[in-house]
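> Attaching a predicted model along with its sequence, questions to come.
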Amino acid sequence: MSFVDKVYEVSKQIPKGSVATYAQIAALSGNPKAARAVGMAMRKNPHMPIVPCHRVVSSSGELTGYSAGGVGVKKEMLLKEGVKFVGDKVDLAKSQWRNVAS
DNA sequence: AAACTGACTTCTC
DNA sequence: GGAGAAGCCAGTT
């Protein structure tokens, strides 16, 4: 299993209405510094309907890229899922995904 | 196998 | 807080 495959596995687990940062996914995948590789994995995104790549944002909550239409569409989808937005960025303080069961 | 590229992050000015 | 530069990783050519 490659690192990117791990990334997909993690991304799949992101609950609706929440978002995760590239660094976060990278860390959960085993390489906290592989945030970049994560981005590439999303760009390729061989698991479009399976992996909600639109729930992945930069460390600042800013919407970056999106192979399937652009950050505009991405933002709309997040909004529909209930993700809080601050201007053009995601409100990480409220909508960042936490892999903790509480 | 080497070099280039990219949906990143972090430090410094 | 904004702009610029450096560092890292994995994939593609």
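Nice, thanks for sending it over.

> C-alpha from now on. contacts and neighbour counts both.
Noted.

> now the strands for chain A?
Ranges of strands within chain A are A:20-21, A:56-57, A:85-86, A:89-90, based on DSSP state E.

> So the last one, near DNA strand C or not?
No. Against DNA strand C, strand A:89-90 shows no contacts by CA under 7 Å from any atom of the strand, the least distance being 11.5 Å.

> is that strand anywhere near DNA strand B?
No. Contact of strand A:89-90 with DNA strand B (CA under 7 Å from any atom of the strand) is absent, the minimum separation being 12.0 Å.

> Quick check: residues of chain A near DNA strand B?
A:21-23, A:33, A:35-40, A:42-45, A:53-54, A:56-60, A:64-68.

> Next step: those restricted to helices.
A:Y22, A:A23, A:A35, A:R36, A:A37, A:V38, A:G39, A:M40, A:M42, A:R43, A:K44 (DSSP state H).

> Put the buried members of these into a PyMOL selection.
Listed next is the PyMOL selection for buried residues among those, using 16 or more other CA atoms under 10 Å:
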select buried, chain A and resi 22+23+35+37+38+39+42
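
> out of the ones in helices among the residues of chain A next to DNA strand B, what pair is the most spread apart?
Across those, the longest distance by CA to CA is 17.6 Å; it joins A:A23 and A:K44.

> In chain A, what residue comes closest to DNA strand B?
A:R43 (2.8 Å; CA to the nearest atom of the strand).

> Okay, now the unreliable bits of chain A?
Within chain A, the stretches with pLDDT under 70 are A:101-102.

> Looking at strand pairing, list the partners for the residue nearest in space to the middle of chain A.
By CA atoms, centre = their mean, chain A has its centre lying nearest to A:V56, at 1.3 Å. Applying DSSP bridges to A:V56 gives these bridge partners: A:A20.

> Now do it against A:N45, distance only.
12 Å (CA to CA, to the nearest Å).

> do A:W97 as well
Relative to A:N45, A:W97 is positioned 20 Å away (CA to CA).
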